[in-house]
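# give me the fold of what follows.
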Amino acid sequence: MPARAVAHLAGRDCTPLPSDPLALATALPDLPRWVETRWMLRSGAGRLIVDPQASEGAVVLSDELLIGAVVGRPGVRLLRDVAGDAPGRLDLVVQLDSLGRVREALRGWRIAPATIHTGPVPVPAAAPGGEPGEVVVLDPPAGPLLDELSEDTRRELPRATAVAISTADGEVASVCAAVVVTETMWDVGIDTVEGHRRRGHAVACFGALARHMAAQGKQPVWGAEDDNAASLGLARKLGFRAVDRLAVVHAPEP
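You can find the predicted model right below:
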């Protein structure tokens with residue numbers, strides 16, 4: 001991509017951002033740090049709000065999934081307007097070079113440093129630790145097993161490319177979903193039922209879905225906030241390595 005575009009998106013010049021979502025997705029590099037932002041822009045899952053007062057900045061917002069992302073250097077007023085209209089559970093993905101502006105605008109929001117990881121290449125032929133119970137990959141996600149998933153997981157399923165589900169005694173034990181997908185990457189989302197944790201179900205689900213997505217040319221990305229020791233530990237167990245840093249900014253509790 002043009003060097004000027006890269007410089008701008010790192011906050012080093014004042015080139016106006018494209019106002020078209022697909023054009024902005026094309027201008028952003030297909031790197032792990034931008035996986036959620038580019039997916040929202042490319043899939044239509046998020047709406048693009050370019051700052052009319054500071055066109056070198058924008059916010060991409062998914063009202064449906066309660067997530068957003070800051071691009072470039074939007075003005076304080078736009079950030080406060082977005083925050084004022086947002087649902088109480090909104091989380092914003094913020095690149096570190098934009099964090100000062102966000103911190104100034106959204107006082108009282110909690111800033112959580114986060115680490116971005118990429119997965120093992122190639123994906124192992126079998127998940128480490130074996131396959132507990134039965135694991136099924138659904139592409140596209142459909143069928144009665146989906147009715148047993150948590151409310152948060154079900155909300156994301158209409159946007160999912162594929163899911164892997166591990167069962168134990170006929171019940172869902174763990175699910176791994178590929179919701180956020182770009183040309184080359186997918187963001188790993190895993191949810192394990194409390195009574196089935198630490199029994200290998202998450203590992204089995206990830207392995208099955210990772211192999212399925214690798215066959216489509218997609219490699220896994222793992223994002224975890226630095227205080228989430230369980231997520232970071234599972235990432236290491238699965239062979240992920242840290243490659244980048246950003247922040248997740250959480251709206252205050254209502």
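
# which strand residues bridge the spatially closest residue to residue 136 that is not a sequence neighbour?
Spatially, and ignoring its direct neighbours in sequence, residue 136 is nearest to residue 165 (5.5 Å; Cβ to Cβ, 6 or more residues apart in numbering). Where you see a C-beta, it was placed from the backbone N, CA and C, and this is true even at glycine. Taking DSSP bridges as the rule, residue 165 bridges to residue 136, residue 175.

# measure residue 165 to residue 114 for me?
27 Å (Cβ to Cβ, to the nearest Å).

# tell me which of the two has more neighbours.
A direct count of neighbours by other Cβ atoms under 10 Å for residue 165 and residue 114 places residue 165 higher, at 26 against 20.

# quick one: residue 223 and residue 189 touch, right?
No. Taking contacts as Cβ atoms under 8 Å, residue 223 lies outside contact range of residue 189: 9.7 Å.

# who's more crowded, the two?
residue 223 (23 against 19).

# that one and residue 146, how far apart?
Residue 223 is 24 Å from residue 146, by Cβ to Cβ.

# show me where the stretch 51-200 of the chain has its strands.
57-62, 67-72, 91-94, 110-118, 134-138, 162-168, 171-181, 185-192 (DSSP state E, counting those that start in this stretch).

# mean pLDDT and distance to residue 234 added to those, as TSV?
TSV is the format used below for the strands of the stretch 51-200 of the chain (pLDDT from 0 to 100; distance: least, Cβ to Cβ, whole Å):
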stretch	mean pLDDT	distance to residue 234
strand 57-62	95	25
strand 67-72	96	21
strand 91-94	97	20
strand 110-118	97	10
strand 134-138	90	16
strand 162-168	91	14
strand 171-181	92	11
strand 185-192	93	7
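
# can you redo those as CSV with distance to residue 244?
Listed next are those as CSV, based on distance: least, Cβ to Cβ, whole Å:
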stretch, distance to residue 244
strand 57-62, 18
strand 67-72, 14
strand 91-94, 12
strand 110-118, 4
strand 134-138, 28
strand 162-168, 25
strand 171-181, 15
strand 185-192, 12
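
# and the residue nearest to residue 136, what does it touch?
Contacts for residue 165 (Cβ atoms under 8 Å, 6 or more residues apart in numbering) come out as 135, 136, 138, 145, 172, 174, 175, 205.

# same thing but 6 Å
By Cβ atoms under 6 Å, 6 or more residues apart in numbering, residue 165 lies in contact with 136, 145, 172, 175.

# ok, of these, which come out buried?
Buried members of the contacts of residue 165, scored by 16 or more other Cβ atoms under 10 Å, are 145, 172, 175.

# nearest to residue 84 among those?
residue 175 (34.1 Å; Cβ to Cβ).

# contacting residues for that closest one?
149, 153, 163, 165, 191.

# between the residues you listed, which is nearest residue 81?
residue 153 (30.6 Å).

# hang on, isn't the closest one packed against residue 191?
Yes. Between residue 153 and residue 191 there is a contact at 5.4 Å, judged by Cβ atoms under 6 Å.

# more neighbours: these two, which one.
residue 153 (20 against 16).

# contacting residues for the more buried one?
175, 191 are the contacts of residue 153 under Cβ under 6 Å, 6+ apart.

# cool, thanks, talk later.
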